[in-house]
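Peer 1: no FASTA, just this:
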Ligand SMILES: [Zn+2]
């Protein structure tokens, strides 16, 4: 990956910190493309800053809607459509991950272990392969094992509504919080927890312990406490601004909202199915300099994002606003804020704060005039 020149302007603290205080970010997403659309610019920013960015994707997105007609024809022609789309999206994700500079990318339980559950209420929710129909404890153990291996200070996932209500996004939120707790437990506590489960019989406990030792490995690595957990969110004010910009034309998922706003309906009387009230946003990451990386990763997800789609229209808007990403702190202590928001997901966790960028060593002082000018 080519680093943008802005990296040279980055405060010393942000780079010098890395030597003695390696920082790691883990993002937990539901489907390929979510890492790009909701957190892509932030991931690229931190990756450029030499922070290790890791990604867990819970499913291969086998049941996503294909908007690109050419891709749809190709996938429809496959003997097993869902399997074909899953395999395609694994490849698309690999390219996107490279564009964003993400260091480690994996699927929860391995690719295809749990499937895209489909949208809320779909018959596929009950398919035993679906993420939401899968064994919750096995999923939590699998994610806890990743947390113990990666040892992130910061974990990013969704809010309790999954951003817009997709069951896999809600599940990713629930699994993330449970796995953060699970990863932080000492093995003794974990064992006690299993034994205390009154409904679990001895055989089930033995089976669970065997699973933990072989498949998930949650017991293998030492416990790890994640310092901060965030939900990637979109504030209502941004959803409204996006709706206005995309207008009422076809293709915008916010056309009805744009129409209501244009008709003068007071914003607080309009139900917005996506996003969160602005006051819930606690961190605002200005990653506009990395919007190109985000756009390149979006192009990699061709099966979900046709080149003339609304995501690209937003990315092309001159102020680069699509590179501003918003987060809500769900767990942990907020760091210093600026204008009411943390400007850094690692705020409060860095060895050297941005506000105190003086390096530990002293610069030599020159109290004499230079002897002579260089020719
Ligand atoms: Zn998704």
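Peer 2: Looks like it came in fine. Model, not experiment: these values are computed from the prediction.
Peer 1: does the ion sit close to the helix or strand harbouring residue 96?
Peer 2: For residue 96, the host element (DSSP states H and E) is helix 81-100. No. For helix 81-100, no contact with the ion is found by CB under 5 Å from the ion; the gap never falls below 10.8 Å. Every residue, glycine included, has its C-beta placed from N, CA and C.
Peer 1: and this protein, what are its domains?
Peer 2: 5-185+223-235+276-331, 236-274 (automatic domain parsing).
Peer 1: pLDDT on the shortest one, on average?
Peer 2: It refers to domain 236-274. Averaged over domain 236-274, pLDDT sits at 84.
Peer 1: Pull up the distance across that domain, start to finish.
Peer 2: 8 Å (CA to CA, to the nearest Å).
Peer 1: for it, the distance to its chain's centre please.
Peer 2: 25 Å (CA atoms, centre = their mean, to the nearest Å).
Peer 1: Equivalent analysis for stretch 166-180, please.
Peer 2: When distances are taken as CA atoms, centre = their mean, stretch 166-180 is centred 12 Å away from the chain's centroid.
Peer 1: Can you list the neighbours in contact with it?
Peer 2: Stretch 166-180 is contacted from outside by 28-31, 34, 58-59, 108, 116-120, 125, 131-132, 136, 139-141, 143-144, 146-147, 155, 157-163, 226, 229, 231, 330-331, using CB atoms under 8 Å, 6 or more residues apart in numbering.
Peer 1: For ChimeraX, what selects the buried ones among those residues?
Peer 2: Filtering the contacts of stretch 166-180 down to the buried ones (16 or more other CB atoms under 10 Å) takes a single ChimeraX command:
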select :28,29,30,31,34,58,59,108,116,117,118,119,125,131,132,139,140,141,143,144,146,147,155,157,158,159,161,162,163,226,229,231,330
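Peer 1: List, out of the contacts of stretch 166-180, those positioned next to the ion.
Peer 2: Answer for the contacts of stretch 166-180 near the ion (CB under 5 Å from the ion): 30-31, 34.
Peer 1: Rebuild the residues you listed as a markdown table, extending it with pLDDT and secondary structure.
Peer 2: Formatted as a markdown table, these follow (pLDDT from 0 to 100; DSSP: H, G, I helix; E, B strand; the rest coil):
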| residue | pLDDT | secondary structure |
| --- | --- | --- |
| 30 | 98 | coil |
| 31 | 98 | coil |
| 34 | 97 | helix |
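Peer 1: contacting residues around stretch 238-255?
Peer 2: Contacts of stretch 238-255 (CB under 8 Å, 6+ apart): 257-259, 261-262, 267, 272, 274-275, 308-310, 313-314, 317, 321, 324, 326.
Peer 1: how about a cut-off of 10 Å?
Peer 2: The contact list for stretch 238-255, computed with CB atoms under 10 Å, 6 or more residues apart in numbering, reads 67, 164, 234-235, 256-262, 267, 270, 272-276, 278, 281, 306, 308-310, 313-314, 317, 321-322, 324-326.
Peer 1: In it, which residues are buried?
Peer 2: Neighbour-count burial for stretch 238-255 [16+ other CB under 10 Å]: 238-240, 242-243, 246, 248, 252, 254-255.
Peer 1: Out of those residues, flag the one nearest to residue 337.
Peer 2: Closest approach to residue 337 among these (CB to CB): residue 238, at 18.8 Å.
Peer 1: From residue 251, how far off is the residue of the chain found nearest the ion?
Peer 2: The ion sits closest to residue 31 of the chain, with a gap of 3.7 Å, by CB to the ion. Separation of residue 31 from residue 251 (CB to CB, to the nearest Å): 21 Å.
Peer 1: does the residue of the chain closest to the ion really touch residue 119, like I thought?
Peer 2: No. Here residue 31 does not reach residue 119: they are 11.4 Å apart, not a contact under CB atoms under 10 Å.
Peer 1: what residues are shared contacts of the two?
Peer 2: In contact with both residue 31 and residue 119: 63-64, 166, 168, using CB under 10 Å, 6+ apart.
Peer 1: which of these are buried?
Peer 2: 63-64, 166, 168.
Peer 1: could you point out the longest strand in the chain?
Peer 2: Ranked by residue count under DSSP state E, the longest strand found in the chain is strand 324-331.
Peer 1: Show me where the stretch 201-350 of the chain dips below the pLDDT cut-off.
Peer 2: Across the stretch 201-350 of the chain, the ranges flagged by pLDDT under 70 are 201-219, 250.
Peer 1: rerun that using 90 as the cut-off
Peer 2: When residues are selected by pLDDT under 90, those of the stretch 201-350 of the chain lie in 201-221, 239-274, 306-311, 313-321, 338-339, 349-350.
Peer 1: In the chain, mark out all the strands, start to finish.
Peer 2: 24-29, 52-57, 104-107, 154-157, 228-233, 283-286, 324-331.
Peer 1: Any chance you could note which residues of the stretch 1-150 of the chain sit beside the ion?
Peer 2: 30-31, 34.
Peer 1: And the residues you listed, which is closest to residue 98?
Peer 2: Nearest to residue 98 among those, with distances taken as CB to CB, is residue 34, at 16.9 Å.
Peer 1: quick one: that closest one from residue 343, how far?
Peer 2: Taking CB to CB, one finds residue 34 at 23 Å from residue 343.
Peer 1: what do you get for residue 68?
Peer 2: Distance, residue 68 to residue 343, by CB to CB: 36 Å.
Peer 1: Of these two, which one has the most company?
Peer 2: Applying other CB atoms under 10 Å to residue 68 and residue 343 shows that residue 68 carries more neighbours, namely 18 against 15.
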